[in-house]
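>>> Give me a 3D structure for the following:
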Amino acid sequence: MASAAPAGQPQAQSRSGSGLGGLAARGMKSGAAATARGVVQISTLVQHNPAPAVKIFCCFWGLLLSVASVLCLFDVVGVPEEEKGGWDLKESLQSFYIFIFGLLIFFCEAKESWTNAIFDVQTKFFYYFHFLATQAGKAFFYFYVGSITLFLLPDNDFWKFAYVVLGGVLCLLGLIMIGLRYCACCQPDVRSSG
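Model prediction:
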């Protein structure tokens, strides 16, 4: 009998060990599944502009930025021949990027039902470029696009003025959005309690 007890003990330990191991494995799997759901849920959460006027203006300005870049790239606007300055490759490439960034701004701020009607564009942008789903990320992106637009400065006076205005306003919109995000008086909780 004395030899049966020690033989039984390892057997009991083995059963409890496999039970704990199975329990740990099930716990780990359910934890991983919950984490995966949480990550997907967090990444699809989008912070919208608290001020509808800023959202509408950003949407309009992004579209205007794209249209102006295309007009400038293809020299559509009738500028007198003596004022036409030759665009080098750097300015053309920069204008193309401004066009793409303007479309991106438009799709970020446009109504979700409109943009997701076309291949779920807005949802994919917010999923793959998560910084655009946050208020601060959008604000700093708008400020960046505004600054590269502001400092493009082509030789032509008309386009120089147009890009300074477009870039300056976009930088200002970025600063306003940063203020709306970080200013305590602009937070919804502070306004309702005060």
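>>> Which residues in the helix or strand harbouring residue 158 does the neighbour count mark as buried?
Using DSSP states H and E, residue 158 maps to helix 157-182. Buried positions in helix 157-182, judged by neighbour count with 16 or more other Cβ atoms under 10 Å: 159, 162-163, 166-167, 169-171, 173-174, 176-178, 180-181. All C-beta spots, glycine's among them, are computed from the backbone N, C-alpha and C.
>>> average model confidence for stretch 184-194?
Averaging pLDDT along stretch 184-194 gives 60.
>>> try stretch 58-68
pLDDT averaged over stretch 58-68 gives 92.
>>> So what touches it?
Identification of contacts with stretch 58-68 by Cβ atoms under 8 Å, 6 or more residues apart in numbering yields 49, 98-110, 138, 142, 145, 149, 162-163, 166, 169-170, 173, 177.
>>> One more: stretch 102-114?
Contacts of stretch 102-114 (Cβ under 8 Å, 6+ apart): 49, 55-56, 58-59, 61-69, 115, 121-122, 125-126, 132, 138, 141-142, 145, 170.
>>> Using PyMOL, define a selection of the buried residues within these.
Restricted to buried positions by 16+ other Cβ under 10 Å, the PyMOL selection for the contacts of stretch 102-114 reads:
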select buried, resi 49+55+58+59+61+62+63+64+65+66+68+69+115+121+122+125+126+132+138+141+142+145+170
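>>> okay, now residue 91: neighbour count?
18 (other Cβ atoms under 10 Å).
>>> sorry, back to before: point out the other helices and strands that the helix holding residue 158 packs with.
helix 52-73, helix 135-150 (3 or more Cβ pairs under 8 Å, 6 or more residues apart in numbering; DSSP states H and E).
>>> Redo those as CSV? Include distance to residue 89.
Shown next, in CSV, are these (distance: least, Cβ to Cβ, whole Å):
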stretch, distance to residue 89
helix 52-73, 12
helix 135-150, 16
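>>> Residue 94 is nearest to which of those?
Set against residue 94 and scored by Cβ to Cβ, the helices and strands packed on helix 157-182 come closest in helix 135-150, at 6.7 Å.
>>> Now that closest one: buried residues?
So for helix 135-150, counting by 16+ other Cβ under 10 Å, buried means 135, 137-143, 145-146, 149-150.
>>> how much does that helix deviate in direction from helix 52-73?
30 degrees (axes from the mean of the first three to the mean of the last three Cα atoms, to 10 degrees).
>>> Output the below-cut-off pLDDT ranges for the chain.
Applying pLDDT under 70 to the chain picks out residues 1-25, 27-50, 77-87, 186-194.
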